[in-house]
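Q: Provide a 3D model corresponding to the input given below.
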Amino acid sequence: MRILIVSVLVALVVAACGGTDVDISDVPDLPAVTVPEFTAMLADDPRPAVVNVWASWCVPCRSEAPLLRAANAEFGDRVRFIGVNVQDTQEGAKRFIAEFGLDGFPHVFDPDRRIPATLGGIGVPITYFVAPGGEVIETHVGVIDERTLALGIDELLRRDGR
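A: Residues are numbered from 1 along each chain as shown. The predicted structure follows:
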């Protein structure tokens with residue numbers, strides 16, 4: 001019985017990680033950025049930002065990916081969305097982006113988790129709501145739901161007067 005339960009759990013985890021038949025030929029390698037480069041990117045942008053820390057092996061990240069894609073489609077002209085891929089491989093990251101259609105906003109490669117360590121936060125997923133100029137005004141640890149994301153974006157737009 002124990003072997004059956006373990007086998008079922010392994011099968012569920014493998015199924016949740018998606019297939020290997022996703023075409024990644026059009027997905028470029030994610031640029032590796034340093035913490036100073038990333039914080040400068042946030043500070044130099046006049047728009048508020050939603051920064052999502054994710055990994056291709058993270059099951060909760062898979063559940064929030066469609067929500068982030070939809071939010072970018074709706075608010076991407078007023079709010080900058082940025083993905084930070086951590087503790088992953090380029091191939092895994094590219095497969096995740098292709099599978100979920102996340103090529104509508106930029107992603108950076110941070111295999112050593114230096115960016116979230118600097119911004120404050122442990123684990124994946126993490127979503128940061130960042131005011132223009134780079135100040136983190138809210139951190140959401142764990143999978144984000146539609147309501148929490150909408151409230152965070154509303155607060156960013158309210159503060160920014162957009």
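
Q: centre of the chain versus stretch 45-64, how much separation?
A: 1 Å (C-alpha atoms, centre = their mean, to the nearest Å).

Q: repeat that for stretch 67-84.
A: For stretch 67-84 - counting by C-alpha atoms, centre = their mean - the centre lies 10 Å from the chain centre.

Q: buried stuff in it?
A: For stretch 67-84, the neighbour count (16 or more other C-beta atoms under 10 Å) marks L67, L68, R69, A71, N72, F75, V79, R80, F81, I82, G83, V84 as buried. C-beta here means a position set from N, CA and C on the backbone, and glycine is covered the same way.

Q: out of those, which are inside strands?
A: R80, F81, I82, G83, V84 (DSSP state E).

Q: going by distance to L119, which of those residues wins?
A: V84 (8.9 Å; C-beta to C-beta).

Q: what sits against the closest one?
A: Each residue near V84 by C-beta atoms under 8 Å, 6 or more residues apart in numbering is listed here: F38, V51, N52, V53, W54, H107, V108, D110, I115, P116.

Q: can I take it that the third one is in a strand?
A: Yes - N52 forms part of a strand when assessed by DSSP: H, G, I helix; E, B strand; the rest coil.

Q: how about the helices in the chain?
A: Using DSSP state H, the helices of the chain run over residues 2-16, 35-44, 59-75, 90-100, 114-119, 146-160.

Q: in TSV: these, plus mean pLDDT and distance to S25.
A: Shown next, in TSV, are the helices of the chain (pLDDT from 0 to 100; distance: least, C-beta to C-beta, whole Å):
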stretch	mean pLDDT	distance to S25
helix 2-16	43	24
helix 35-44	95	27
helix 59-75	97	20
helix 90-100	96	9
helix 114-119	95	27
helix 146-160	94	31
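
Q: closest to G134 out of those helices?
A: Of all those, helix 35-44 comes closest under C-beta to C-beta, at 3.8 Å.

Q: list the buried residues of that closest one.
A: For helix 35-44, by 16+ other C-beta under 10 Å, it's F38, T39, M41, L42.

Q: helices or strands next to it in the packing?
A: Packing partners of helix 35-44 (3 or more C-beta pairs under 8 Å, 6 or more residues apart in numbering; DSSP states H and E): strand 80-86, helix 114-119.

Q: export it as CSV, just CAs?
A: Extracted in CSV, the C-alpha atoms of helix 35-44 (Å, rounded to 0.1, in the frame of the first residue of the first chain):
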residue,chain,number,x,y,z
VAL,A,35,21.0,42.6,-7.6
PRO,A,36,22.3,46.2,-8.4
GLU,A,37,21.2,45.8,-12.0
PHE,A,38,17.7,44.6,-10.9
THR,A,39,17.2,47.3,-8.3
ALA,A,40,18.4,50.0,-10.9
MET,A,41,15.9,48.5,-13.4
LEU,A,42,13.1,49.1,-10.8
ALA,A,43,14.3,52.5,-9.7
ASP,A,44,14.7,53.8,-13.3
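
Q: all set, thanks.
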